[in-house]
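> From the sequence below, what's the structure:
(one chain, ligands or ions: 2)
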Amino acid sequence: MSEAKSEAKTRKEQLFMQTKHAAMRIDDAQQAESDAFAKDYMQFLNTSKTEREAARNAAALLEEAGFRLFTPGMALHAGDKVYVNNRGKAIIAAVIGTAPIEEGVRLCAAHIDSPRLDLKQNPLYEDHELALFKTHYYGGIKKYQWTTIPLSLHGVVVLAGGTKVEVQIGEDAGDPIFCVTDLLPHLAPQQMKRPAGELIRGEELNLLVGSMPFNKDEESEQVKLHILHILHEKYGINEADFLSAELEAVPAFPVRELGFDRSMIAGYGHDDRVCAYPALRAILDCQSPTHTAVTILTDKEETGSDGNTGLCSSYLAYFLEDLADAFGAKGRHVMHHSQCLSADVNAAFDPTFPDVMELKNCAYLNHGVCVTKYTGARGKSGTSDASAEFVGTIRKLLDDQNVVWQTGELGKVDAGGGGTVAAYIANLDIDTIDVGVPVLSMHAPMEVVAKLDVYMTYRAFCAFIAS
Ligand code: MN
Ligand code: MN
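Residues are numbered from 1 along each chain as shown. Ligands and ions are numbered 1, 2, ... in the order given. Take a look at the predicted model:
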């Protein structure tokens, strides 16, 4: 015998906003798809620890799927698949739609750079018979988190003669790793009195790379010499070649499933490859869209998007103009009618640190892709603030396609805050809104996401591209 619902309960169901764990809102087939998607993502993440590696892997997947390198002036037709590789650090891919280009494109944007330790231009030194590299951290990190964890080195060195050498050490099981050391607690009473932001200072992020002399000769700096000898043998590198290098120290451990239920993924670089991979997969899986679909995987977001591979530069606008030219249209008319999902991670509610969140307006793990109308700090500063009309469009789209989504701001008002590339895209006269995956421990060497949220982000991109 079922109890009759009270009038209030019925009205509540009609009027209150409903939120639920994504697992309660999907069927077994979707759960299986989500698990499969997580496997693919984990594989991508393991081999894409830098923007260069992510761009290279993305380009390879695009080539495999029939995308051709775009050259300005080439003839384009509906169904054509093209891409641009911006200096090996950023990718734009497009599938030409059946609708006139003047009706605008559907743009998915994410970034493929992540916080890390970059080597300085003149990094190598010996101090008391230990060899170390000086670093300059990239992006916003809690410096103390980067000590005493295994680090690998990735990047390129351009030799004096102009030859470019690729370096990757520390990822294979047999490789050596590197680390930043920290003080033993026994001798740290003074260090522990420092404010947390200075627990480890920028100039203390020195990477330990060796301790053995080159030979038994009575010479100074034998350990440094030994390191240079090894690097020269393996890569042909002299000390001066570091001047023209980009070497990045990143966590050396692989990404892993997290939890007894394996519902989460722990690893380095979710921010923002956890949005970049779904955006890439969405355009790889896209066949003959109505509106031209464009995915951009950009660089330099973590340092403010400046530079010619960051979204403050004109490379996206130039590409859209070239696309417009191919159809005899004006770039700015295309942009005016375009829509963009600017995909970047958001802070997930952490029960251990509830104070920084406003519980009605924050993202929760497993509640789906997070749609954020505005970002910014100190009175929405630096945000593009999507219009109610555009939020309404996206809301309806996601609901119609049964994409599990939520909304969330990055923390309480004035608790801190942050921005994304959304504003730079919106500044091109494109309707733009932030979407993304909620993350725990954002910018730490090991970040955590929920598989279902990653999958729902992919589904959101697919729905958007098909709209
Ligand atoms: Mn990000
Ligand atoms: Mn970030």
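
> ok, now which ones touch the residue nearest to Pro213 when sequence neighbours are not counted?
Taking CB to CB, 6 or more residues apart in numbering as the measure, Pro213 lies nearest to Gln222, with 3.5 Å between them; neighbours along the chain are not counted. (Each C-beta comes from the backbone N, C-alpha and C, glycine too.) If a contact means CB atoms under 8 Å, 6 or more residues apart in numbering, then Gln222 has 126, 129, 213-215 as its contacts.

> Test my guess that Gly236 contacts Val167.
No - contact status for Gly236 versus Val167: not in contact, 11.3 Å apart, counting by CB atoms under 8 Å.

> Look at those two and report which has more neighbours.
Taking neighbours as other CB atoms under 10 Å, Gly236 and Val167 compare with Val167 leading, 18 against 14.

> Tell me how far Ala188 lies from Thr147.
12 Å (CB to CB, to the nearest Å).

> higher neighbour count, these two?
Neighbours per residue, other CB under 10 Å: of Ala188 and Thr147, the larger number sits with Thr147, 17 against 13.

> Scan the protein for its longest strand.
Of all the segments of type strand in the chain, defined by DSSP state E, the longest one is strand 116-127.

> if I read this right, His229 contacts Asn215, doesn't it?
No - counting by CB under 8 Å, His229 sits too far from Asn215 to count as a contact (9.3 Å).

> what about those two, which has more around it?
Set side by side, His229 and Asn215 show more neighbours around His229, with 13 against 10, by other CB under 10 Å.

> Determine the number of other residues adjacent to Thr50.
A total of 24 residues lie near Thr50 under the criterion other CB under 10 Å.

> ok, it - contacts?
With contacts taken as CB under 8 Å, 6+ apart, Thr50 has the following neighbours: 113-114, 116, 154-155, 248, 250.

> Which of those ranks first by neighbour count?
Asp113 (30 neighbours).

> how close does that one get to Glu248?
In this structure, Asp113 and Glu248 are 9 Å apart, going by CB to CB.

> overlap in contacts of those two?
Common contacts of Asp113 and Glu248 (CB under 8 Å, 6+ apart): 50, 138.

> How about Leu132: what's its closest non-neighbour residue?
Nearest-residue entry for Leu132: Asn206, 4.4 Å, with adjacent residues in sequence omitted and distances by CB to CB, 6+ apart.

> same question, Pro123
Nearest residue to Pro123, sequence neighbours excluded (CB to CB, 6+ apart): Phe133, at 4.1 Å.

> With Ala326 instead?
For Ala326, ignoring the flanking residues on the chain, the nearest one in space by CB to CB, 6+ apart is Leu76 at 4.5 Å.

> what's near enough to touch the one you found?
For Leu76, the contacting residues are 82, 96, 323, 326-327, by CB under 8 Å, 6+ apart.

> And Ala78, by the same measure?
Under the contact definition (CB under 8 Å, 6+ apart), the residues listed for Ala78 are 96-98, 288.

> In terms of helix, strand or coil, where does it fall?
Reducing the assignment at Ala78 to three states with DSSP: H, G, I helix; E, B strand; the rest coil gives coil.

> Can you report how many residues lie near the residue of the stretch 151-300 of the chain at minimum distance from ligand 1?
Going by CB to the ion, ligand 1 is nearest to Asp272 of the stretch 151-300 of the chain, at 3.9 Å. Here the number of neighbours of Asp272 (other CB under 10 Å) works out to 29.

> Work out for me the element it sits within.
Asp272 belongs to helix 270-284 when elements are defined using DSSP states H and E.

> Just give me how far whatever helix or strand comes next after that helix sits from the chain centre.
From helix 270-284 onward toward the C-terminus, using DSSP H and E, the following helix or strand is strand 292-298. Here the centre of mass of C-alpha atoms in strand 292-298, compared against the chain's by CA atoms, centre = their mean, to the nearest Å, lies 14 Å away.

> Adjacent strands (with direction) for strand 292-298?
For strand 292-298, sheet partners with direction are given as strand 90-95 (antiparallel), strand 105-111 (parallel), following DSSP bridges.

> So which of the ones you listed is nearest ligand 1?
Of these, the one closest to ligand 1 (CB to the ion) turns out to be strand 105-111, at 5.7 Å.

> If you count neighbours, what's buried in that closest one?
For strand 105-111, burial by neighbour count (16 or more other CB atoms under 10 Å) applies to 105-111.

> What pLDDT is listed against Thr19?
According to the model's per-residue confidence, Thr19 sits at a pLDDT of 85.

> hang on, it is in a helix, isn't it?
No - secondary structure assignment places Thr19 outside any helix; it is coil (three-state DSSP).

> my guess is it contacts Cys370, does it?
No - with the criterion set as CB under 8 Å, Thr19 and Cys370 do not qualify as a contacting pair; they are 11.9 Å apart.

> Following the chain onward from the helix or strand harbouring Glu53, which element is next?
Secondary-structure element containing Glu53, defined by DSSP H and E: helix 51-64. Downstream of helix 51-64, the next assigned helix or strand under DSSP H and E is strand 68-69.

> Give me the sheet partners of that following strand and which way each runs.
In the sheet, strand 68-69 lines up against strand 81-86 (parallel) (DSSP bridges).

> Between helix 270-284 and the strand it pairs with, find me the angle.
150 degrees (axes from the mean of the first three to the mean of the last three CA atoms, to 10 degrees).

> so how far is strand 81-86 from its chain's centroid?
Going by CA atoms, centre = their mean, the spacing between the C-alpha centre of strand 81-86 and its chain's C-alpha centre is 19 Å.

> With stretch 184-193 instead?
Using CA atoms, centre = their mean, the distance between the centre of stretch 184-193 and that of its chain works out at 35 Å.

> Now do that stretch: everything it contacts.
When contacts are taken as CB under 8 Å, 6+ apart, the neighbours of stretch 184-193 outside the stretch itself are 183, 199.

> Give me the mean pLDDT for that stretch.
Model confidence over stretch 184-193 averages 97 on the pLDDT scale.

> Up against ligand 1, what does the stretch 51-200 of the chain have?
The stretch 51-200 of the chain has no residues near ligand 1, with proximity defined as CB under 5 Å from the ion.

> Repeat the analysis, applying 8 Å as the threshold.
With the criterion set to CB under 8 Å from the ion, the stretch 51-200 of the chain comes near ligand 1 through His111.

> so where's the stretch 51-200 of the chain uncertain?
With pLDDT under 70 as the threshold, the stretch 51-200 of the chain has no low-confidence stretch at all.

> For the stretch 301-450 of the chain, which segments are assigned as strands?
339-343, 346-347, 369-372, 405-407, 431-436, 438-439, 447-450 (DSSP state E, counting those that start in this stretch).

> Mean neighbour count, distance to Ala282 and mean pLDDT added to those, as JSON lines?
As requested, these are arranged in JSON lines below (neighbours: other CB atoms under 10 Å; distance: least, CB to CB, whole Å; pLDDT from 0 to 100):
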{"stretch": "strand 339-343", "mean neighbour count": "28", "distance to Ala282": "10", "mean pLDDT": "98"}
{"stretch": "strand 346-347", "mean neighbour count": "26", "distance to Ala282": "19", "mean pLDDT": "96"}
{"stretch": "strand 369-372", "mean neighbour count": "26", "distance to Ala282": "12", "mean pLDDT": "97"}
{"stretch": "strand 405-407", "mean neighbour count": "20", "distance to Ala282": "15", "mean pLDDT": "97"}
{"stretch": "strand 431-436", "mean neighbour count": "27", "distance to Ala282": "12", "mean pLDDT": "97"}
{"stretch": "strand 438-439", "mean neighbour count": "26", "distance to Ala282": "19", "mean pLDDT": "98"}
{"stretch": "strand 447-450", "mean neighbour count": "26", "distance to Ala282": "17", "mean pLDDT": "98"}
